Every structure is written in structure tokens, then in C-alpha cells.
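K.L.:
Build me a model from this:
(3 chains)
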Amino acid sequence: MAVLQNHPDRLFPADADTRAIARRLYAQVGALPIVSPHGHTDPAWFATDAAWSNATELLLSPDHYLYRMLYSQGIALDDLGVPHRGGMPATDPRAAWHVFAANQHLFRGTPSRLWLDHVFAEVFGFDVALDRDTADFYFDAIGEALATPAFRPRALYERFGIELLATTEGADDPLAHHAAIRRSGWGGRVVTTYRPDAVIDVEHEGFAAALARFADLTREDVQSWQGYLAAHRARRADFRAAGATATDHGHATAQTANLTSAEAEALFARIVGGRWDAADAELFRAQMLTEMARMSVDDGMVMQIHPGSRRNHNAGLFASHGRDKGADIPVRTDYVNALKPMLDVVGNQCDLSIILFTLDESTYTRELAPLAGHYPCLKLGPAWWFHDSPEGMRRYREMTTETAGFYNTVGFNDDTRAFLSIPARHDMARRIDCGFLARLVAEHRLDEDAAVEVAHDLTYRLVKRAYRIDAAAPVASTASAA
Amino acid sequence: MAVLQNHPDRLFPADADTRAIARRLYAQVGALPIVSPHGHTDPAWFATDAAWSNATELLLSPDHYLYRMLYSQGIALDDLGVPHRGGMPATDPRAAWHVFAANQHLFRGTPSRLWLDHVFAEVFGFDVALDRDTADFYFDAIGEALATPAFRPRALYERFGIELLATTEGADDPLAHHAAIRRSGWGGRVVTTYRPDAVIDVEHEGFAAALARFADLTREDVQSWQGYLAAHRARRADFRAAGATATDHGHATAQTANLTSAEAEALFARIVGGRWDAADAELFRAQMLTEMARMSVDDGMVMQIHPGSRRNHNAGLFASHGRDKGADIPVRTDYVNALKPMLDVVGNQCDLSIILFTLDESTYTRELAPLAGHYPCLKLGPAWWFHDSPEGMRRYREMTTETAGFYNTVGFNDDTRAFLSIPARHDMARRIDCGFLARLVAEHRLDEDAAVEVAHDLTYRLVKRAYRIDAAAPVASTASAA
Amino acid sequence: MAVLQNHPDRLFPADADTRAIARRLYAQVGALPIVSPHGHTDPAWFATDAAWSNATELLLSPDHYLYRMLYSQGIALDDLGVPHRGGMPATDPRAAWHVFAANQHLFRGTPSRLWLDHVFAEVFGFDVALDRDTADFYFDAIGEALATPAFRPRALYERFGIELLATTEGADDPLAHHAAIRRSGWGGRVVTTYRPDAVIDVEHEGFAAALARFADLTREDVQSWQGYLAAHRARRADFRAAGATATDHGHATAQTANLTSAEAEALFARIVGGRWDAADAELFRAQMLTEMARMSVDDGMVMQIHPGSRRNHNAGLFASHGRDKGADIPVRTDYVNALKPMLDVVGNQCDLSIILFTLDESTYTRELAPLAGHYPCLKLGPAWWFHDSPEGMRRYREMTTETAGFYNTVGFNDDTRAFLSIPARHDMARRIDCGFLARLVAEHRLDEDAAVEVAHDLTYRLVKRAYRIDAAAPVASTASAA
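P.N.:
The predicted structure follows:
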């Protein structure tokens, strides 16, 4: 059986002198609390604190990073226990786990490999690698662990040293789990994030239903432009009461608009009246980014823009399995022209924070770093999604720092629904950042004292400042740190 | 005279520990057989096994990597013995060689320099560098060597340890040389590849003539849509009989289409009727990629798509010298939107293999790795053309591995007409891959045992699997390996 | 107080063997004279040789690299002494300097940090770092130094080892300062560069006024197409008489055009007649690049094209502060299609030199290196503006060398109005180039002897050849070198 080991020097640069510096920096920040301001864990876990069932349902079936790779090599999603539109396939979880175990070589060189190894070794204590021969051993041992109190969601939250964890809910979500968490008196700080995409994107298949729930929850006339805007304001307030400090916008593009009130009202009438075309849909999304920015100026919520993913690229898979099944593909993304209408309105607001993400790395040096290095309201989110990886993070620092500096960035986002991998993901970011800083020190481009301060900032301080975390503690929270 | 040496550690990372790992990996794969599934050598060489004439005609005049660099510095193509539309210039080959020798500094830092040094040292045994002073010595020594049996094409094929060599022929090619090779009883495995561009691209200056030959060879009514498709099927079968396992498509863009039969028939009528415009030409190329994919589902041929080169950019040079004279320039290339129509038809076919190449590196992380990391039919071809270089290959691995893994890639392609440089090119790829793997090992991101296995896969196993080489041995071949 | 030190190994690779090679290379070129063929220093400085006033007015208020970063963090430009449309703010220079000093951490990891440290340590002799506590000490010491003869512009020019310094003037500039420099008998070689943007870009807010001055200076009928072209020819001759060897074109895009005379005349009539739209404005800029190229064929002036910056992106800031205030943002830039009309006219002229720059790094491997590696008239300018940085320069070499080689590049441009930073900027380029060459040597891709020659070429010889500096010494100059 192959040994499983997370080497203490993993992800540090190979050069001995640089590695020694990276070790010293990491020693200062490796154990700092985890602040996770953007993610997709299920708040029900923390509301109910129920045990997870088994390795497959916890680690494999919900993780599109894993099953997309297996799918790309001809393995059917059914064989991995991935739910389709009709519900869960009748796949034995153990059998699915065997398929996964037998194909571990596919993950060589990927961040998934490193996250898995961290979860296996650090969270579950394995010292042999997962493969065909150890599949049952793993499946059984994980199942047994999950049945114990120490592996319940709240216990792991505490063990992981999490100071704050943000989930993401739609504008039509009643936030019941967050209310339950607050009522429970538990000390963990699990907050929500306002993500109104489904009531903004008329091309989303769930738009009409989401809009109806949006109306129910707010009792606003969401068929009128002013009522619709009021509903957003009401729900933003609800979300802030549930600890939210931020909104999130996952649009197809970064396009913004700056319509007159009359133009916006006429556009909205076409949208809700079903008389829109694709250009209207795009223009409405664009206008709503500007409206959201205006509301953020008023209510202080941090705004996150995540553009540039072509959702549901695989028509056949979308038909059989629905959205979020590993078939979202990045596209070329423009920011400079797209953001200008919004920036003409709010760009010079120093008390506004808009955090930009990208899946198009060619924009790092060309557009994003120059924009964030100039506009007071703009900050750069960390390397995102496909770029949340050692090479991706390294490129991010190499391509943004010289123009935007470190202080127009906002620390790390794990952006994950894979709760057990959160420590692994933050650890990876800390190691890569320490390695990048170590190179600057080794090349005499930064003093080591300054590098220590920057490492702390990138790990802990910038995220709290950028997401205004201490400024808006959730009402019922007894957060363990801050 | 400057010493010529191919250092045994060349192209390995400089860091001592990483280099030691790279050496160990390379020791395992450096001497593996060469499988060359995509290239442009002349099958006549292996059919006739005739001796090459001299250094200039073998190494300089046909190599656009070399003469484009010299041309960029103001040296006339005539002075390098490069053929123009009227035929060969009346340039003394020795004089051309002198011009080349005197300008070796232009190749510093380029892959051409490394390939040349490999050819000079390893193939011809030189131990002094080529320069103004050694030009005659080189010219004479190469000429003498080429006159010997050991430097005939078949002898070099064997000496180079080639297991399979694919050439590329047009749909209108009678494949006579391949037939001669098979008839000869020689043990080398030289196969063809089906490249139908000239009968698909109505904007190609040779379209009409190629279509006429296509009709002659197939005896199909290529003026009708169904006859035209039948002709493709017939020729694909001919090519398979000549050992082909793959097709190749060098389109201006990656655009695909999914027309109805009626639409396709109407479009084809405009194409062959001369009533087409540029949009029709593009749409026809797009539709034909989908038709080729459908045929690949039927006949099992691997499909290669090489888009994104603006051919014949230099109008003056095209007028005087024709195509393929170093004046093809890459352009920005979209895959995500362009491939969707074809992928809607065949994207989830697990028994189909479509290998994508690019000249636009910004698509590696943004488009190609995410596509190949999801669709079962898609694989990534190696770093291509301008990117077939140490830095280009390194970027390729750094930018594709984390999302697509190693197992959605297909090993190395030399893509060359410079036969003598084939070992040099494969050696470069092996060294760079070993260096990349060594860094992963040194950074504790991959076990060395796994790295050895990956190195073997990248060097030998993936190419055979991706190009279905053992599944389709040419009829008369007595291949030396498999 | 923190120690300020410019480490002798700064910017060299960390690997010990590679660093040792870099040191040896740098030892050969670090002290070579500075040739600065493209920059924006004020010729009045050298004409009058007047003392500068204080640290803020010399180093901070005019430097958009510095105040854009501070502005991005919410610091008002007024507080930094940056002039607005109404003139200089009533900010105490010492107070502005304090704001700057207190925010030095923002520049960590940026080239500004390294340039500043070089200026502080090497030019002014500081050995403690600038921070809140040393702000007054710095302000006073710099002020005292500037009052001494050793810190006058001409003395610093000589101390810096500058062999040639090019400034940039508009087509409507009378070149009085350059005339004064020549009349003065001073031995420094300060030449001008012809930048006609304001009389070519009808969308420039100063177009009409510039055109009027252009007419006055040339006494040509600039309202007629032929008169307008004649005026350009006349001014190009004036500039050559003031030492210019080059023109410079800062267009929004790289678009060129190749209109017939009649088309061009009709277009020009719309431009000067005020009957143009945005497409006309773009077409006129495009046509004028081709006209300038034709004139360069005639008069031998080197042509520089700097496209791809969206000027004045921040509408509010442009209204309050005008242009060149750190709000220019790069955009995606096409060269392959854009340059073709011009290249169809002049592309194969071996006696023409067109130097291309970019703010879009995705074009390095895809477009610029292939173009420069083919067309005799094209050369690549160095990493520009946001990319004039350690990582930017490193990427430039990694992404251009393999296709274009070293000899289609033109050495370094400092492109700065920050005169005191010129040695720092050239030193950074020399160190990065030596580090890049050292890696090639360490990886056995280039002999060290050849690397020494290349280092000399990149530092000194290529710039003189590419900008034809020795071929066109200014009439009255007694240049100290050549």
C-alpha cells in the first residue's frame, strides 16, 4: 500500500534558501483562524448538526471538481452517484467509491489530489493512500468516523479553527437554517450572502418561480420597477440580519449599464411582461449590477461580481442532469468597457467595496490589476474556481501584485461546498502566498519583516477588512474570535 | 572554434534537487521509442529511400522556422535557396549555407537553436559549432554523410528508434508512396493522416482542382451533397487502409455548425455552384467539422483540429512565393462557443476522440483545459508550432494540468517536415515534461513513483492510446514494436 | 528605523548557481551608459538647468504610478499635491509627503517600491527607509540636496551616465527647449521624438487647437489633405533637426488602413469639416499610421506604435483633473488583422523600422513574436508601462524570445517623466535580462559566452541600432559617447 503523507514542505518552492524563508513565513500564519467569506456549504448542516452518511455522499457525489474529471474519461455520472433530474441514481455508494478509488491517477497534478490527501490524512487520519486496494478500508473507516460526534458539522467547524463561514442563498430563500443556527445558541459564526441571480437573470430557467417567492417573502409588488427594487432592499436587510456583509453576482458577463429611470422602468416592463429578447436580458442584468452597487452605497454591503462562466455548456448533460454538473466553461471576459457604466456612477466612492473575480487570466495584468490599482471602490478577489490551485494562485500573485499591490486584494475565498476540504484549501493558499513572498524576499525585492506582515494581511486581516466582517457581526452570534 | 555540446542536463531545471529528480525521471523515458502521430515528412523519402542531396536542401531551404527568422532580419529568401512560385532560385546551396552559418546568433534562445545543435551533434557527430568559419566544413561533412547508406531515410528511421511515423496527405492524394512503402516489405511503420482541408475550404486557392481530383479518385458525384459526403467516407477508408488512424483539420477558426440536412444541402449547392460568400465558406468549414466528427463516430478515426492561424498574412510574399513560407500568424481563437454546435451532436460520445490544438495560449486555462476536463470526447494536443518550445511546453503543462490532468492530454507531436530533427524534438518534450514532473515532486505535489508512471504515459502510452495506434496497425506493416 | 538597502543581488534568481551566472553577466553590463530612446522628461529641465523645488513636487505629484496606487486606497489626489484642472491644490508639499510616507506599505511588491528605494539610496544616499517617522528627515534632506548644484538636471544627467535621452513632443510644439539646449553648448544629448497624436486624433479634446498651431508652425494649408501631409513632412524635418530619430503613435487601437488617395482625401474632408463620426475618427487614425510609415520609408525615422490604452476611463476624475491622472486602462488589442493594411504597403521594407508595444500580454506569443519573427520592418518594443516591472519583463522574455529571438527586440525604454528614476529603471531591466539569460545558461540552452554578448546587445547595442542613434546625431550635439 502506498504511503499517504502531507509533507510539511509541500507547495513551497524547491530552492533551499527560498524554501527556508517560506517555512519561516508559514510558521507565522499557518495556524491562524480560517475566515471564509465566500462559499457554498449547506447551512442546514450547521442548523441540524446531523451526521453525514458515507464517503460517497459526502465527498464524491456533490463535488463537481471530482466527477467532472472522471466523466471526462468516460465514466458515467450514474456510476458515481451523481443526482440527475429524476433524483438520485440507484447506485450503491460503496460501488461508486470503488470507481473513484480505482481512478485516483486521473487527479495527479490537480488541486483535487492535494485537497483529498489533506482531508484523508488530516481530517480522517489515514496513512495509506486511496486506491483500488484500500477502497473498502477507506469507505468503512470514513463511514465509522462520520457516525461519531467528532465528525458532526459543528464539531468539525470548531476543530477546523473557523472564525466565520459565509454561505450563499438566493433572494428567494427564507433563511430558515440561518435563523435556526442563531436560535440554537451555538457559538459558530455562519452567515449568509445575498445572491439574487435567479430574480435578475430572466434567462435562468427558475426565474418566474424565484420571482414569485421573492414577492411572497417581501410582500412587495415585484411586477413594478419600484416595487422590485424595494423587494431587493427588503431582502438585503433580511440577509444583513442573518449576518450577511456581502452580495454576490454570478452573471454571464461583467456588463453594467447606467439607464435613466424611464429607460430602466420600460426595460423592466418588458422583462416581467415576457416581451424581452436576449439583448434585453443582458441589459437588465447589466442595469441591476449598477442598482446593486447603488444599494451597496446605501447599506454598506460588499459587492462581489463573478462573471465569465458559460453555464450548462453540455446540452445533453443539462437535459439529463440539470445545472451545476461540471459543465460550466469559462469564456473570454471584458471588464474595462463592461464596468464603465457602473463605475461612472459609483467608481470614486471610497466607502464602497466591489470585489471582482475572473475565469479569464488574460485580464489579470491587462484589465483587473490596472482597474483595482486605480478605482477606490474596486478590489480583486482571489484566484477563482479553475484557478484556485497552486499554479493558478501563483500566476495570480505574479500578474496582479506589481500593478495592484497586495492591498487591493482581499485574502482567500474557498468558494466550496466541500466542507471537509476547507482547511486544505486555506492551507494551500497560505503556502502558495508564503512561497510567493519568499521568492520576493530571496530576490531582495521585499524585506522579510515586511513579508511577515503581508503574510498576516493576506491570511487574515485583509479578508476581514474587505468583507467588513467585524463591522457587521451577526446579531445572535458569539463568534469565537475577532 | 566554439565547442558544440549537448549537455546531458540540458533543459532540466537549474535547482540542484529538482534537477536530480528530473535526471532520474528522464533516465526512465529518454530512450523509449519515438511514436510520431502527427507530422509532415515526405512519404516519398521512405518509399524511394533515396539519398538527400546537401545540407541546404535538406536542412535550410524547407524549414520555415529557420528562414522566417533570417527573413525577419532582412535576408532575402532567394539567398537561402527557398523556392518561389517560379521554382527554385538559382542560388548556390553552399552560398546559402554560408548566409545561414553567419547568422546563427539570431537563433539564440530559440528552439531551432537546440534542435539544430542536437542534429549537428547527435545525428552528424559534429563537436564544433556552426559559424562563419566552420560553414564549409559543415557543408562538406554533411554532404559526405548524406551520400552514405547510413544517412538514407530508412536507415535514419531505424537509428532514431521510431516506432510509428504519421505523414499528412490531402483528400486528393492517391497515397502512392504509402502503397510503395507497404509493398516494399520494409519494417518501418509510416502511416498517413487524412487532411481534407483543400476540398473543404472553398477559399483555398486550390479548392477546385482538389475537388476534381477528389472526384476522380472516388468516382463519386462530388457536386452533390450526398456524393460529396460519400467521397469523404471512401477516402477515409482508403486512408485507413494506408495505416491512418486520424484525420486533421487546419481551419481558420474552430467554428462548428449543426445544420439540418436541408440547410447543409443548400449551403453545399452554393459552395460548389460558386454562389458563396465568406460567411458561407466559414459555415461550410464549420458544418464539415461536425460531419467529420460524425464519420469518426462511425469509422473510429481520431479527429485533430488545428485552428487559429491566419495563413499567408504577408500579401507580397504570398504573391512571390506562395503558401507555407513562414508568414502564417496566429489569431485570437474561441473554442467555447465555436465548438458547441459539434459538441451538442457528439460531445458525450465516449468512443470518439477529438484532439484540440491551439496557437492562442490564453485559451489553455480559460477554455481548453475546462473543456477537456469535462467532455469525454475531447483531449488536448500538445503545445503546438510556435509553442513547441521549452517555455511553451512548460506553460502548457502549468496551464492545463490542474484542470484537465495529465490523462486528457495525448503525448507529444513533432509536427515537423524536418525529419532529422525528430529525435531532437521528442527529446526536448521528454526533458521538459520530466522537469515539470520533477518540480511537482520537489514541491511534494506528486510522489516520485507516480511521476515515473506519468513520465512513461506522457512519453509513450498516452500517444498510442489517444491515436488508437495499436488498434489499427497498417495492413502490410511489420512494426518493430507495439 | 528600518534599514534601506539595495542589495547587490536584488532581482537575480534565487537559485545559487543561476544567481552566480547572473552576477557574472551583470558585472559586464551593469555600468554601461544609459541610452534612453523613449521617455517623457521635460526638455525645459535641460534647457534651463534650474533646481527642482522639493520632494513632493519632484517625486510624488507628477508620478501617476505613485498617486494612482494611493488613490485606489481612498486617498484624495488633492492631499498628494496632484494638479487638477483648476491648477495646483493648496496642499502643503510637506503634508503631502507625510501622506505618501505613511502609506509605503501599499507599494510592497511593486516596481515603484524598487525604483523609489534605488532613488533614495543611490541618488540621495539615504540608509534608512522612508516611513511615517522618517518623513520629515527625507523631505528636508531631499530639499537640501535639490538646492545644490550636484542635483541640477544637467549634473544628474552626467552623473547617471546617460549617453542619449529622448523626450517626446507634439507636432504642434515649437521645440524651443531643444533649440535652447543645442544653443547652450552643453554636451548632453537630449533629443526629441515626433508624436503627432493630437493632430491625428480628432477625438482628442485638443485637436482643433493643436491643428491651428500645426498650421502656424508650418505655414501649410492643413485644411487640405495634401497640405496636411506636407505639414507632417515639414515638422518631421524640424524634429530630425532637433535630433529626433523616431516618431511615436499612441493610438487607441493598432488599426491601420490603406485607402486610395481619393478615399483618404474624402475622409480628411469629413475630419476637418467636422462631419465625422467615431468610425471616421478611427479610420483616419488608421490611415495616418500608414501615411506615417510611408514617410518613414522616405525620411528614415523609426516608427513606434503604442496602442491599446483606454484613456481617461474614470469620467469623474477626467472632469475634475483632466488627462494622465492614472486612469488609463489597457484593453484587449489585436495586431494581426489591424496591422495588415499597413504591412501590405510597407511590410517587406528592410530599411524601415516599426517598433510595436503592447499592454495586452496575451499578444506576446500569439501575435507580436510571430509578426516580428517574420516581417523585416517589425521589431518588438520592451515590456511597457504596467509591464515595465520584474515579472512583466520576465514574462516578456519568456514569451517572445523563442519565436522572435533577441534580435527582433530593441533594448530597454524607460518611458518615464520621473527623471531621477531613470538609472533605477535601466538597472532593473539589466538585472532581469541577466537573470533570464542566466537561466538559459544554467539550463544549458545558451553558452555563457553567447549570453555575455546578448547581455551587451540587450543593454546597449540593440537600442542604438533599432533607434538609428549613431546614424542621426543631432546637429549641435557634442554627445559624450557613441
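K.L.:
Would you mind pulling the contact partners of the helix or strand hosting residue A:65?
P.N.:
Using DSSP states H and E, residue A:65 sits in helix A:64-72. With contact meaning CB atoms under 8 Å, 6 or more residues apart in numbering or on different chains, helix A:64-72 is reached by A:59-61, A:77, A:80, A:82, A:99-100, A:103, A:106-107, A:110-112, A:324-327, A:418, B:372-376, B:378, B:404-405, B:408. For glycine as for every other residue, the C-beta is placed from the backbone atoms N, C-alpha and C.
K.L.:
Please narrow these to those residing in helices.
P.N.:
Members of the contacts of helix A:64-72 lying in helices (criterion: DSSP state H): A:99-100, A:111-112, B:372, B:404.
K.L.:
Can you list the residue ranges for strands in chain A?
P.N.:
A:34-36, A:162-166, A:169-170, A:190-191, A:194-195, A:246-249, A:302-305, A:309-310, A:329-330, A:354-356, A:378-380 (DSSP state E).
K.L.:
mind checking which of those is nearest chain C?
P.N.:
strand A:378-380 (7.5 Å; CB to the nearest CB).
K.L.:
how about the ones in helices among the contacts of helix A:64-72 in CSV, adding neighbour count and pLDDT?
P.N.:
Converted to CSV, the ones in helices among the contacts of helix A:64-72 look like this (neighbours: other CB atoms under 10 Å in any protein chain shown; pLDDT from 0 to 100):
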residue, neighbour count, pLDDT
A:99, 19, 98
A:100, 29, 98
A:111, 24, 98
A:112, 23, 98
B:372, 26, 98
B:404, 28, 98
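K.L.:
Could you point out which of those is nearest to residue A:399?
P.N.:
Nearest to residue A:399 among the ones in helices among the contacts of helix A:64-72, counting by CB to CB, is residue A:111 at 18.4 Å.
K.L.:
thinking again about what came up before, now distance to residue C:30 and mean pLDDT too, for the strands of chain A, in JSON lines please.
P.N.:
Shown next, in JSON lines, are the strands of chain A (distance: least, CB to CB, whole Å; pLDDT from 0 to 100):
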{"stretch": "strand A:34-36", "distance to residue C:30": "45", "mean pLDDT": "98"}
{"stretch": "strand A:162-166", "distance to residue C:30": "49", "mean pLDDT": "98"}
{"stretch": "strand A:169-170", "distance to residue C:30": "59", "mean pLDDT": "98"}
{"stretch": "strand A:190-191", "distance to residue C:30": "54", "mean pLDDT": "98"}
{"stretch": "strand A:194-195", "distance to residue C:30": "54", "mean pLDDT": "98"}
{"stretch": "strand A:246-249", "distance to residue C:30": "49", "mean pLDDT": "98"}
{"stretch": "strand A:302-305", "distance to residue C:30": "45", "mean pLDDT": "98"}
{"stretch": "strand A:309-310", "distance to residue C:30": "48", "mean pLDDT": "96"}
{"stretch": "strand A:329-330", "distance to residue C:30": "43", "mean pLDDT": "98"}
{"stretch": "strand A:354-356", "distance to residue C:30": "40", "mean pLDDT": "98"}
{"stretch": "strand A:378-380", "distance to residue C:30": "35", "mean pLDDT": "98"}
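K.L.:
Give me the pLDDT value at the residue positioned nearest the centre of chain A.
P.N.:
Centroid-nearest residue in chain A, with CA atoms, centre = their mean: residue A:415, separated by 1.9 Å. Looking at residue A:415, its pLDDT is 97.
K.L.:
residues in contact with it?
P.N.:
A:38-40, A:384-385, A:388.
K.L.:
so residue A:47 touches residue A:186, yeah?
P.N.:
No. Residue A:47 is not in contact with residue A:186 according to CB atoms under 8 Å; the separation is 9.2 Å.
K.L.:
Please enumerate the helices of the stretch 351-482 of chain A.
P.N.:
A:362-363, A:369-372, A:390-404, A:422-442, A:448-456, A:462-466 (DSSP state H, counting those that start in this stretch).
K.L.:
Point out the most buried one among the ones you listed.
P.N.:
Each of those was scored by mean neighbour count; the highest is helix A:369-372, a mean of 28, by mean count of other CB atoms under 10 Å in any protein chain shown.
K.L.:
rewinding a little: so, if you compare the contacts of residue A:415, which one comes nearest to chain C?
P.N.:
residue A:384 (18.3 Å).
K.L.:
Would you mind measuring from the residue of chain A most remote from its centre to residue A:268?
P.N.:
Most distant residue from the mean C-alpha position of chain A: residue A:262, 35.7 Å away (CA atoms, centre = their mean). Separation of residue A:262 from residue A:268 (CB to CB, to the nearest Å) stands at 11 Å.
K.L.:
that older thread, may I see the strands of chain A organised as TSV, with mean neighbour count added?
P.N.:
TSV is the format used below for these (neighbours: other CB atoms under 10 Å in any protein chain shown):
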stretch	mean neighbour count
strand A:34-36	25
strand A:162-166	24
strand A:169-170	20
strand A:190-191	28
strand A:194-195	26
strand A:246-249	24
strand A:302-305	25
strand A:309-310	19
strand A:329-330	28
strand A:354-356	25
strand A:378-380	24
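K.L.:
Figure out which of those is closest to residue A:363.
P.N.:
strand A:354-356 (9.1 Å).
K.L.:
elements contacting the closest one?
P.N.:
In this structure, strand A:354-356 makes packing contacts with strand A:302-305, strand A:378-380, judged by 3 or more CB pairs under 8 Å, 6 or more residues apart in numbering or on different chains; DSSP states H and E.
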